[in-house]
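In: no sequence on this one, just coordinates:
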């Protein structure tokens, strides 16, 4: 209801230096490339925002999207499960040079920590990671004889996500497996910006088919025919 | 995939004496009345199953459904958030006579404990209930200065739930607000039985519209034109 | 004398619908709101013109509208009070854990609940009056720790004339330090820094009279405004 | 002599596709299965006729099918390895937390992963070989504690000839006590009561030769069956 419809540049203006930003997507599926590039445009023009902490499953590939943000020096820290890929040079170079921080989180724990933030659960227990270096220093407690690690919620100042259809209340649907982290990030961020392929009037989405209710969305940007990050990478595009 | 299609009587035959059974529904919305009454038929014929622990938001109304189970003496314990209602005589009488146990759980904690069981989260923290008699004896820990109570997952041997459409893989959709606890209970029970209004072939439900994936469902019973518990109660029906 | 007799009090105090009307005036355009079963539900009727408010119900609906005409009920579409509802355009349906993620994750702007007692430290007692009878809690314990603001709407005194605004609750608690504003039949009171701060009172009631009907000290900051509500049925 | 030389070993050992074929024979009709990125993915190709298996991918799809023809990819529809997939009839799509609820809630019948090392107590090391380079874990730490059974598919020895089945892992752990069966290029080995129990071995390899290529004691219960796989490309 209190969701507003904005141009790309305005939508990303809420992100400040040192912000924690969740970015949806898994590979190119669900990556809000237009929102990310609008943020990069702003950085190129003004030097801001910088020192960002980015939460995503990966750490960017090629020279577009999150990889371009990293290469341009906008990112202080990545929180992700899988920063390695065949073409993740931007992150690898910065990481091996000690110029970017990494918080590595098992993928299911990452998803659950984000959901927990959205659901008001400050901490939970999971066996995932027990006995590994990713659980070092964490509280361990046994349940039914199984040792579990205590994990904390993961919040963000802003989430940039990609959806398919939105109504003007911010209700969202997603296309195929592009759903992945988006519904969770919408819940966990203080301010959620969704780029959508199509904006419809209230009533245009069957209430039973809404995946993200509008209460989790603060701003919607209509981007018809959005670019697919995977294709940009394969075409060798460079947004740095 | 390993989901089977059964008649009502066969579907409820998995429930044994002393089982923990989740039953979906909130008021008459989402209550699998045909499954419950098939279970009552079995009890009337054989005296089994008895000593059941039932998990539901309420504790039955009128003389049908869970109320009839309680009146007939099938239920040892209720785990619920709101056992009081204008016409909840069956539970009230047994409870005040000390003949039935009650574990009272805040509604959100009840939903989250059921989800936790389905998601492999043995325990989580929530501020709900802190400082109240429902949190007595529970572990308390502060997060960001807010005291929280540790709550444990809530599992069941069997879930009896009502859905709208199923395909033969057990993928489910729900009608309107009849969704409520069903998707969570499907995840949390060792064996989930769904009564559905319509059974379709695989491909008959849009993969994006599936609410409960078939992996959470062991058996499906087709009950076209199911009865609405609210109307049975208003009509004064008696299944005891 | 500053003590008001029960007969006079009955004549001047606001009705439940008038308290609901007063509470409705404070709900902002665009707000997401959960209204407790009973008197709080009345608030939706008095939503000021021109404001869009989205109502949430625990059983998994956001954006529900008025009750359907009698005979047109669909009992798969009800609210937390088990009353039949309708869907507004732009409504969304979700399961119970997602519904309480909205509640407990701090996404609702406001929850309004009834009360047996509210303490000056913001404690609420509204789910049982003692250890007898059948206890029932529903979603109240979740709502009080989840919504961005949690208000109470209540008669200023109980049916037997006892203050409901107290130093410490004697009935079992629903939540600790969770209430920030109380709309009563006589006054509007904020809870700040563990004190009751009087914001509005009925014009026909002196401060001393109001204090005598309140179980804890009423503090005053700046001016106390006049509590007015139009006559309703 | 019982020590086999590397050249002979190369000639008799199963190829990755043959190991995948062998693992596929054990997957039951109706099973829900997650296959790790890389070699484990090959298993789906050798699913025996007449068995229906539903494949799960971490990024939120149950019931996906083969890769689309080249040029027909929809990059919104990929698997955890970021390869384009298709949907079978009866597929379901869900978000990442629901996907890992399936994994961590014990709903998958089987997960098959690759390995750097597996210990006789069922510990797995498969996510990094040391403290250098960029670490990446993905969903492996979740899968090993979630699926009802977790199997490993791997060469019996590393590229430099070192045993991958060991008393204790020296590489960083993915999970503790989580692996129950290992399909290697030379044998099928169960992990029971903190011991390696040999179930099948290649016919052209003696027990002593196999033991010499294994970093912990191989136990035998009853008979050791012959490991056979058809020639595949």
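Out: Alright, I've got the coordinates. Small disclaimer: the values here were computed from a predicted structure and weren't measured.
In: quick one, what contacts the residue of chain A found nearest chain D?
Out: Nearest residue of chain A to chain D (CB to the nearest CB) works out as residue A:108 at 3.2 Å. For the C-beta atoms, the positions are set from N, CA and C on the backbone; glycine is no exception. Residues near residue A:108 by CB atoms under 8 Å, 6 or more residues apart in numbering or on different chains: A:126, A:128, D:58, D:100, D:103, D:104, D:139, D:141, D:142, D:146.
In: where's the fourth one, which helix or strand?
Out: When you say that, I think you mean residue D:100. According to DSSP states H and E, residue D:100 maps onto helix D:96-104.
In: pLDDT weak spots in chain C?
Out: When residues are selected by pLDDT under 70, those of chain C lie in C:1-3.
In: so which bits of it are right by chain B?
Out: Residues of chain C lying close to chain B by CB under 8 Å from any CB of the partner chain are C:57-61, C:74-78, C:82, C:87, C:93-97, C:99-100, C:103-104, C:123, C:133-142, C:145-146, C:172-176.
In: go again using 7 Å as the cut-off
Out: Neighbours of chain B within chain C, by CB under 7 Å from any CB of the partner chain: C:58-61, C:74-78, C:82, C:93, C:95-97, C:100, C:103-104, C:134-139, C:141-142, C:145, C:172-174, C:176.
In: ok, now which ones touch the spatially closest residue to residue A:127 that is not a sequence neighbour?
Out: Leaving aside its sequence neighbours, residue A:127 sits nearest to residue D:145 (CB to CB, 6 or more residues apart in numbering or on different chains; 4.0 Å). Counting by CB atoms under 7 Å, 6 or more residues apart in numbering or on different chains, residue D:145 touches A:127, A:128, D:104, D:175, D:178.
In: just the buried ones from those residues?
Out: Neighbour counting with 16 or more other CB atoms under 10 Å in any protein chain shown marks A:127, A:128, D:104, D:175, D:178 as buried within those.
In: run a quick neighbour tally on residue C:163.
Out: Counted with other CB atoms under 10 Å in any protein chain shown, the neighbours of residue C:163 add up to 17.
In: and the nearest residue to it once chain neighbours are set aside, how far from residue C:140?
Out: Using CB to CB, 6+ apart and skipping the chain neighbours, the partner closest in space to residue C:163 is residue C:215 (3.4 Å). Distance of residue C:215 to residue C:140, given as CB to CB, to the nearest Å: 21 Å.
In: can you check residue A:212 too?
Out: Distance of residue A:212 to residue C:140, given as CB to CB: 27 Å.
In: quick one, strands of the chain?
Out: Defaulting to chain A. Along chain A, the stretches classed as strands by DSSP state E are A:4-5, A:20-23, A:52-55, A:75-80, A:101-104, A:123-126, A:140-143, A:146-152, A:156-167, A:189-200, A:219-222.
In: not quite, go with chain C.
Out: Going by DSSP E, chain C shows strands at C:32-35, C:54-57, C:61-64, C:87-93, C:110-113, C:117-119, C:124-125, C:149-154, C:165-166, C:181-184, C:187-192, C:195-201, C:218-226.
In: pLDDT weak spots in chain A?
Out: Residues of chain A meeting the criterion pLDDT under 70: A:1-2.
In: and it, which residues reach chain C?
Out: A:1-2, A:118-120, A:167, A:169, A:171, A:187, A:202-203, A:207-208, A:210, A:213-216.
In: how about a cut-off of 6 Å?
Out: A:1-2, A:118-120, A:167, A:169, A:171, A:202-203, A:207-208, A:210, A:213, A:215 (CB under 6 Å from any CB of the partner chain).
In: these two touch, right, residue C:140 and residue C:174?
Out: Yes. In this structure, residue C:140 is within contact of residue C:174 by CB atoms under 6 Å, at 5.1 Å.
In: quick check: neighbours shared by those two?
Out: Listed contacts common to residue C:140 and residue C:174 are residue C:127; contacts here mean CB atoms under 6 Å, 6 or more residues apart in numbering or on different chains.
In: more neighbours, these two?
Out: residue C:174 (31 against 28).
In: rewinding a little: redo the strands of chain C as a markdown table? Include mean neighbour count.
Out: Formatted as a markdown table, these follow (neighbours: other CB atoms under 10 Å in any protein chain shown):
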| stretch | mean neighbour count |
| --- | --- |
| strand C:32-35 | 25 |
| strand C:54-57 | 24 |
| strand C:61-64 | 26 |
| strand C:87-93 | 24 |
| strand C:110-113 | 27 |
| strand C:117-119 | 26 |
| strand C:124-125 | 26 |
| strand C:149-154 | 24 |
| strand C:165-166 | 23 |
| strand C:181-184 | 26 |
| strand C:187-192 | 21 |
| strand C:195-201 | 20 |
| strand C:218-226 | 12 |
